[in-house]
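A.B. asks: here are the coordinates; sequence isn't available:
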C-alpha cells in the first residue's frame, strides 16, 4: 500500500483499494479483449481505430471520412438497387439537371420542370422546389427552418444525420419519386401532381417492406417467397442462371 500511496491520488487510492483480488493465485497475463482467444491482431485493432473515428463528432471528420461514412450507410439501406444508383448519382451531382446541362450548352434556359420558376439545379429540385417540400411534408420528413441555397452535398449529409435509420430509405425513395415525376413531366408531358409523387413513394415503400423487387416498369414486384423454390432471393439455397 505504500507504493499505492506514493503513486496515486487520494480518490484513486480508494478505487485501487476496492479492487477485489482473485482467490486463485494465478499469474497475471495480457489479454486482447476484442479477440476471443485474447491474442492481439492488427485486424481488430484497425476496426477499433476506424470505429473510434466514425464515432467522433461529424464536423471533426475529414472530407474522405465523411464520404466513406455516407457511402457505407447508403449501400446498406434496404431499397431497390435502382434507387441506390439514383441516389449515388444525386450525391455525386451526376444527374442531368438543367443546371448541369446549361454548364455545357450555352444560350439555353433550363427552368425547373416542376415549378418552372428557377434554374433546375439538384439543390432546388429536391430541397427548395415547392413540389419537393410538399412531398417531404407528406412523408413526414419536413425539416425545420431550412434556408435556401447552399451545397447539395451538405444538405444531403445534414438530412442523413437528422433522420433516423428507418427514415433513410424513405428519404431516398422520396428523392427518386420526385425525379421520376420530373422526367415524366419533361419527356412525356405529364401533369405535375405532388399527390401522385407522394402516392408513388408510399407504394414503393410498401412493396419494399413486403419483400418485393421492382419489375421493368418499377411497379410490379417479385416476392422473395415466390422465388425460394427457384433459388432466387434470400430463401434460395443456390443460384441459377436465368435465360
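C.D. replies: Looks like it came in fine. What you see is a predicted model, and the numbers here were worked out from it, not measured in a lab.

A.B. asks: As a check, name the ranges of all helices in this structure.
C.D. replies: Using DSSP state H, the helices found in the chain span residues 2-7, 10-17, 42-55, 63-74, 81-91, 98-102, 122-123, 130-138, 152-162, 165-187, 194-209.

A.B. asks: hey, which of the ones you listed is tucked in deepest?
C.D. replies: Ranked by mean neighbour count, those are led by helix 122-123 with a mean of 22 (mean count of other Cβ atoms under 10 Å). C-betas here are computed from N, CA, C, even on glycine.

A.B. asks: Could you check the helices of the chain and tell me which one is nearest residue 144?
C.D. replies: helix 152-162 (9.6 Å; Cβ to Cβ).

A.B. asks: what's the angle from that closest one to helix 165-187?
C.D. replies: Between helix 152-162 and helix 165-187, the angle comes out at 140 degrees (axes from the mean of the first three to the mean of the last three Cα atoms, to 10 degrees).

A.B. asks: which residues does the residue most central in space within the chain contact?
C.D. replies: Geometric centre of the chain, nearest residue: residue 74, 3.6 Å, by Cα atoms, centre = their mean. Applying Cβ atoms under 8 Å, 6 or more residues apart in numbering, we find residue 74 in contact with 84, 87, 88, 91, 172.

A.B. asks: Flag the least confident of these.
C.D. replies: Here the lowest pLDDT out of those sits on residue 91, with 88.

A.B. asks: Next, the contact list for the closest residue in space to that one that isn't next to it in sequence, please.
C.D. replies: Among residues not flanking residue 91 along the chain, residue 156 sits closest, at 5.7 Å (Cβ to Cβ, 6 or more residues apart in numbering). Neighbouring residues of residue 156 by Cβ under 8 Å, 6+ apart: 70, 90, 91.
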